[in-house]
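requesting a structural model of the entry that follows:
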Amino acid sequence: MSSFATKSFDAPDDVRPFEGRGYAEIVEVAGRSVARATYEPGWKWSENVKPIVGTESCEIFHLGYVISGRIKVTMDGGAEAVAGPGDVVSIPAGHTGEVIGDEPCVWVDFGDVGNYATGNSRR
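Residues are numbered from 1 along each chain as shown. Okay, the predicted model is just below:
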């Protein structure tokens, strides 16, 4: 029989800073990683995460809910989309992103975030 599990971002299991503009807080619950990411104004994947992971684009699948701010995602093939408060997003591997505007983009990510923003961020 399964048991109820709960974790709080008030006491994350890990905090992964981006290069100078934000961080991801990670909690592990029921064998899954969940992230609350805060992307500060001016954040760009190419400048703030690429140096950490060493890949040309993000190779992580994201499934999340945007709490605040706006983010533009560009797929490797060139397609672009913008997500903002209240949006639920599914982003396949092979993309980059950047914050739009002067407000931090905060979202909760239920995707494959166990190795997100680490040197092991590969499919």
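
how about the helices of the protein, start to end?
In order along the chain, the chain carries the following helices (DSSP state H): 45-48, 50-53.

any idea which of those gets closest to Asp102?
Smallest distance to Asp102 across the helices of the chain (C-beta to C-beta): 16.6 Å, for helix 45-48. In this view, the C-beta of every residue, glycine as well, is placed from N, C-alpha and C.

show me what that closest one packs onto, helices and strands only.
If you count contacts as 3 or more C-beta pairs under 8 Å, 6 or more residues apart in numbering; DSSP states H and E, helix 45-48 packs onto strand 95-100.

re the thing from before, among the helices of the chain, show me which one is buried the most.
Most buried of these, by mean neighbour count (mean count of other C-beta atoms under 10 Å): helix 45-48, with a mean of 18.

avg pLDDT for that one?
Per-residue pLDDT values across helix 45-48 average out to 96.

for stretch 27-36, same thing?
When pLDDT is averaged along stretch 27-36, the result is 96.

stretch 103-112 too?
98.

just put the helices of the chain in CSV and tack on distance to Cys105.
Putting the helices of the chain into CSV (distance: least, C-beta to C-beta, whole Å) gives the following:
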stretch, distance to Cys105
helix 45-48, 12
helix 50-53, 17
